[in-house]
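# model the following, please.
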Amino acid sequence: MLRNQSGTVLLTALTPAIWGTTYLVTTELLPPGRPLLAAVIRALPAGLLLVAVTRRLPSGGWWWRALVLGALNIGVFFALLFVGAYRLPGGVAATVGAIQPLLVALLSAGLLGERLSVRTTLAAVAGVAGVSLLVLRADARLDALGVAAALGGAVVMAFGVVLSKRWQSPAPLLATTGWQLVAGGLLLLPVALLVEGPPPASLTGANLAGYAYLTIIGSALAYVLWFRGLRLLSATKVTFLGLLSPVVATALGWLVLGQELTAAQALGALVVLAALVVAQRQPARALPATPRVLAGKES
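Below you'll find the predicted structure:
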């Protein structure tokens, strides 16, 4: 059983590792200045592909649940992530986003009945410190709107992760993932058209290869593995794995783009990995069931 859980953790960890390649693909292959278009293309075609493969639509209450989860996990999250990254230089957005494991741990205690331990809290704080060492720059400047957007992105994604765990869909994993991607992509589409205008009239081969990678690997495959992990592991353990994303992005910048890797960044990566390991070793313990919790799980 332990081996199965370790395999699930490693398979789920592929998702943030894949997401860590997004910066490299975006900067090297995609047209500049089109982050929202990239977000739409990441979500909508991938979702339609999964729905077409499964040929399964939501039923009953899953119409509105798919919309809510698609907004939290993809549509609203991507939009806020874009605003935060645009207005906050020097890795501030990634550092603010690193509070997500702590938010998920707090929400899991309230909505899922999971016990919030001192070990998890300390690991979450260490994760934020590690990411700040990894990506924060001395010349970083704070912007109130940017900080609010980055914080809002972490909050909506945290709610998305916890509600994805609370609302266990009876439908196949591929179908549920496809519904969320379609909902998130449809929410992003008008925002992208309003902010960035129509798509470019022509795309190069490199552009098409980049968009294909983000759609098939970065979304369809990555989100299926992510939501599979959420079905099998605790929400808190899964969200800690998200800290791998800035580690992979920094490593690729050093290995592929020749960017500098300082001793402080290397220390930050080690702190992040240590926090991640400590969080995965935390035994899953639930609070005694209360009438309120049981009632919530049935809703």
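
# sketch out the low-pLDDT regions of the stretch 51-200 of the chain for me.
Counting by pLDDT under 70, the ranges of the stretch 51-200 of the chain that qualify are 86, 89-91, 138-140.

# can you map out the helices along it?
62-70, 76-87, 92-97, 100-111, 118-135, 144-166, 173-196 (DSSP state H, counting those that start in this stretch).

# mind giving me TSV with the ones you listed and columns for distance to residue 242 and mean neighbour count?
All C-beta atoms are positioned from the backbone trio N, CA, C, and that covers glycine. What follows is the helices of the stretch 51-200 of the chain, written out as TSV (distance: least, CB to CB, whole Å; neighbours: other CB atoms under 10 Å):
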stretch	distance to residue 242	mean neighbour count
helix 62-70	17	19
helix 76-87	12	22
helix 92-97	8	24
helix 100-111	6	22
helix 118-135	9	20
helix 144-166	9	20
helix 173-196	17	22
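
# let's have the ones you listed in TSV, adding distance to residue 43.
As requested, the helices of the stretch 51-200 of the chain are exported to TSV (distance: least, CB to CB, whole Å):
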stretch	distance to residue 43
helix 62-70	8
helix 76-87	7
helix 92-97	18
helix 100-111	19
helix 118-135	25
helix 144-166	13
helix 173-196	4
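
# with respect to residue 266, which of those helices lies nearest?
Closest of these to residue 266 is helix 118-135, at 8.7 Å (criterion: CB to CB).

# from the chain's centre, how far out does that closest one sit?
Relative to the centre of its chain, helix 118-135 is centred 17 Å away, using CA atoms, centre = their mean, to the nearest Å.

# could you check the angle it makes with helix 100-111?
Here helix 118-135 runs at an angle of 150 degrees relative to helix 100-111 (axes from the mean of the first three to the mean of the last three CA atoms, to 10 degrees).

# nearest to residue 255, of the helices of the stretch 51-200 of the chain?
Of all the helices of the stretch 51-200 of the chain, helix 118-135 sits nearest to residue 255, with 14.9 Å by CB to CB.

# send over that closest one as PDB, restricted to the C-alpha atoms.
The C-alpha trace of helix 118-135 is given here as PDB (Å, rounded to 0.1, in the frame of the first residue of the first chain):
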ATOM      1  CA  VAL A 118       2.300  21.800  13.600                       C
ATOM      2  CA  ARG A 119       4.500  19.800  11.200                       C
ATOM      3  CA  THR A 120       2.400  20.700   8.200                       C
ATOM      4  CA  THR A 121       2.300  24.400   9.300                       C
ATOM      5  CA  LEU A 122       6.100  24.600   9.600                       C
ATOM      6  CA  ALA A 123       6.600  22.800   6.300                       C
ATOM      7  CA  ALA A 124       4.300  25.300   4.600                       C
ATOM      8  CA  VAL A 125       6.200  28.300   6.100                       C
ATOM      9  CA  ALA A 126       9.500  26.700   5.100                       C
ATOM     10  CA  GLY A 127       8.100  26.300   1.500                       C
ATOM     11  CA  VAL A 128       7.300  30.000   1.300                       C
ATOM     12  CA  ALA A 129      10.900  30.800   2.600                       C
ATOM     13  CA  GLY A 130      12.400  28.400   0.100                       C
ATOM     14  CA  VAL A 131      10.500  29.700  -2.900                       C
ATOM     15  CA  SER A 132      11.400  33.300  -1.900                       C
ATOM     16  CA  LEU A 133      15.100  32.300  -1.800                       C
ATOM     17  CA  LEU A 134      14.700  30.600  -5.200                       C
ATOM     18  CA  VAL A 135      12.900  33.300  -7.200                       C
END
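
# contacts for that helix?
Residues outside helix 118-135 that contact it (CB atoms under 8 Å, 6 or more residues apart in numbering) are 90-91, 94-95, 98-99, 101-102, 105, 236, 240, 243, 246-247, 250, 264-265, 267-276, 278-279, 282.

# wait, doesn't residue 93 sit right on residue 85?
Yes. Contact criterion CB atoms under 8 Å: residue 93 and residue 85 qualify, at 4.8 Å.

# could you verify my assumption that residue 98 touches residue 244?
No. Contact criterion CB under 8 Å: residue 98 and residue 244 do not qualify, at 11.4 Å.

# which one of these two has more residues nearby?
residue 98 (28 against 21; other CB atoms under 10 Å).

# quick check: the more buried one vs residue 246, distance?
8 Å (CB to CB, to the nearest Å).

# torsion angles phi and psi at residue 136?
The phi and psi torsions at residue 136 (degrees, to the nearest 10) take the values phi -80, psi 140.

# residues in contact with residue 18?
Contacts of residue 18 (CB under 8 Å, 6+ apart): 217, 218, 221, 222.
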